[in-house]
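Student: Model the structure of this input:
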Amino acid sequence: MSKPLNIGMIGYGFMGRTHTNGYKRVPDFFPELKYRPVLKAACARNKEKIQEFADQWGYESIETDWKALIARDDIDAVDICTPNNLHKEIAIAAAKAGKMILCEKPLAMNTAEGEEMCQAVEAAKVPNTVWYNYRRIPAVTFAKQIVDSGRLGRIFHYRANFLQDWTINADLPQGGNALWRLDAAAAGSGVTGDLLAHCIDTAIWLNGKVTDVSAMTETFIKERVHQATGQKQKVTIDDACAFICHFENGSLGLFESTRYARGHKALYTFEINGENMSLRWDLHDLHRLEMFEYKEEGAFRAWKSIHVTDNGGDHPYMDKWWVPGLQIGYEHSFVHQVADFLKSLEEGKPCGPTFRDALETQKVCDAVLNSAKDRAWKTV
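Tutor: Coordinates of the predicted model:
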């Protein structure tokens, strides 16, 4: 008999939907888990909007004040899907109330805020995780298994990019419900915290800590109308960012992100070059992991594509889904993260990335932005 875990969702946007879908699908595909998510309450300031969300997705009740949601005795876990500037206050309050916390990425506005959040959850000893969902795409998890096996040998290079094109229009305003990511007061940064944070988290997970960085950023459209005021204001988020870095294992890193790459909606790729093997992955073809293995002889030495869909146990997570060859998609990464979180509760173990893990990514983001500002190398 499964034990209910009552979820309190704060926010109803894109991430609110992806997380909720994860909660709803887990019992169907991971029936062995001892905990079962219950959509207990959804929260947002706009009563009409949050009621529509709750009705569509099946939440039992609503709140319009997140403090009221946290105070409820029938809420076990708080899911934070708000703009970044609210993460710290909500997370610290939830920790003090003894609630489990699942927080959207990036962890906070900056490292100092993130450290306060880490101290709060560690003092309260509450389970916590941050939604860096790309770790849970089977091909990416499979890459982690290969790297950890040592088959790549010494690693020389790690490179990644995350390219979009949705903010090129100069008439696009900043701020407000849909466009808070363009407002530094709500987001903290632009592509660095929104897109490169994903790349950095995956890189740290696969290749270890980043030690120092040298970065450049650019804001291509300097002023935009702010939806809250109707007035033109200076844009202070980064539209594009590129940086090089050193990893603790001696390898070199190369990262690029932009929202000004016409023709790209969500091009996220990474490649790792090792002494014996290279791996590369592309979000647009997310069920495939490409591999080059040097030990193969002569004409057979070439890049090969592994279709990460085997349901016999060789490929991570796929035994829960379909027959080999039938792939899964983006939304399943959130199902997997929910499942891993619930499993961690059973085992009494942390579910990575924890707040403390995600703080490492926050430190790199801060170093990147400081490096670009000062045009100098910065230690992480």
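
Student: so what's the residue lying closest to F220 once chain neighbours are set aside up against?
Tutor: Spatial nearest neighbour of F220, excluding adjacent residues (Cβ to Cβ, 6 or more residues apart in numbering): D239 at 4.9 Å. Yep, even glycine has a C-beta here, placed from its N, CA and C like the rest. Counting by Cβ atoms under 8 Å, 6 or more residues apart in numbering, D239 touches T167, G190, V191, T217, E218, T219, F220, I221, T258, R259, Y260.

Student: and those residues, which are buried?
Tutor: Among these, those that count as buried by neighbour count (16 or more other Cβ atoms under 10 Å) are T167, G190, V191, T217, I221, T258, R259, Y260.

Student: Okay, the fifth one and G230: tell me how far apart.
Tutor: As judged by Cβ to Cβ, to the nearest Å, I221 and G230 stand 17 Å apart.

Student: most centrally placed residue in the chain?
Tutor: Residue closest to the average C-alpha location in the chain (Cα atoms, centre = their mean): Y132, at 2.5 Å.

Student: does that residue really touch K105, like I thought?
Tutor: Yes: in this structure Y132 lies within contact range of K105 using Cβ atoms under 8 Å: 5.4 Å.

Student: who touches both of those two?
Tutor: With Cβ under 8 Å, 6+ apart as the test, Y132 and K105 both reach A197, H198, D201, A358, T361.

Student: ok, which pair from the residues you listed is furthest apart?
Tutor: H198 and A358 (11.3 Å; Cβ to Cβ).

Student: And the two? Which one has more around it.
Tutor: A358 (27 against 23; other Cβ atoms under 10 Å).

Student: Can you classify that one as helix, strand or coil?
Tutor: Following DSSP: H, G, I helix; E, B strand; the rest coil, the label given to A358 is helix.

Student: Could I get the full set of helices for the protein?
Tutor: 14-29, 47-57, 66-71, 87-96, 111-124, 138-149, 184-187, 191, 197-207, 332-347, 355-374 (DSSP state H).

Student: In the fifth one, which residues are buried?
Tutor: Translated: helix 111-124. Across helix 111-124, burial judged by 16+ other Cβ under 10 Å covers T111, E113, G114, E115, M117, C118, A120, V121, A124.

Student: same thing with the fourth one?
Tutor: The neighbour-count criterion (16+ other Cβ under 10 Å) identifies H87, K88, E89, I90, A91, I92, A93, A94, A95 as the buried residues of helix 87-96.

Student: on contacts alone, who are the packing partners of that helix?
Tutor: Packed against helix 87-96, as judged by 3 or more Cβ pairs under 8 Å, 6 or more residues apart in numbering; DSSP states H and E, are the following elements: helix 66-71, strand 77-80, strand 100-103, helix 111-124.

Student: Could you do the last one as well?
Tutor: Packed against helix 355-374 by the contact rule (3+ Cβ pairs under 8 Å, 6+ apart) you find strand 100-103, helix 111-124, strand 128-130, helix 197-207, strand 210-218, strand 240-247, strand 378-379.

Student: What strands flank the last one, and is each parallel or antiparallel?
Tutor: With DSSP bridges as the test, strand 378-379 is paired with strand 210-218 (antiparallel).

Student: Other residues contacting the partner strand?
Tutor: The contact list for strand 210-218, computed with Cβ under 8 Å, 6+ apart, reads 190, 192, 200, 203-204, 238-248, 253, 364, 367-369, 371-372, 375-380.

Student: for that strand, what is the average pLDDT?
Tutor: Averaged across strand 210-218, the pLDDT comes to 98.

Student: and if you look at stretch 13-32?
Tutor: Per-residue pLDDT over stretch 13-32 has a mean of 97.

Student: same check, this time on stretch 336-345
Tutor: For stretch 336-345, mean pLDDT is 98.

Student: got a list of contacts for it?
Tutor: The list of residues contacting stretch 336-345 from outside it, by Cβ under 8 Å, 6+ apart, reads 5, 19, 22-23, 26, 29-30, 33-35, 37, 100, 102, 127, 129, 131, 133, 135-136, 317, 320, 350-351.

Student: how far does that stretch sit from the chain's center?
Tutor: With Cα atoms, centre = their mean, to the nearest Å as the basis, stretch 336-345 stands 15 Å off its chain's centre.

Student: how about the CA coordinates for it, as CSV?
Tutor: C-alpha atoms of stretch 336-345 as CSV (Å, rounded to 0.1, in the frame of the first residue of the first chain):
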residue,chain,number,x,y,z
HIS,A,336,12.1,10.3,-13.7
GLN,A,337,13.1,13.1,-11.3
VAL,A,338,9.9,12.7,-9.3
ALA,A,339,10.5,8.9,-9.2
ASP,A,340,14.1,9.4,-8.0
PHE,A,341,13.0,11.8,-5.3
LEU,A,342,10.4,9.4,-4.0
LYS,A,343,12.9,6.6,-4.1
SER,A,344,15.4,8.7,-2.1
LEU,A,345,12.7,9.1,0.6
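
Student: which residue packs closest to W205, ignoring adjacent ones?
Tutor: In this structure, W205 finds its nearest non-sequential neighbour in R135, 5.9 Å apart by Cβ to Cβ, 6+ apart.

Student: and the one you found, what does it touch?
Tutor: By Cβ under 8 Å, 6+ apart, the neighbours of R135 are T141, K144, D201, T202, W205, S333, Q337, G352, P353.

Student: Quick one, which of those residues are buried?
Tutor: Neighbour-count burial (16+ other Cβ under 10 Å) is assigned, among the contacts of R135, to T141, D201, T202, W205, S333, Q337, G352, P353.

Student: can you count the residues close to the nearest residue to the third one once chain neighbours are set aside?
Tutor: Spatial nearest neighbour of T202, excluding adjacent residues (Cβ to Cβ, 6+ apart): Y134 at 5.7 Å. Residues lying near Y134 (other Cβ under 10 Å) number 24.

Student: No further questions, thank you.
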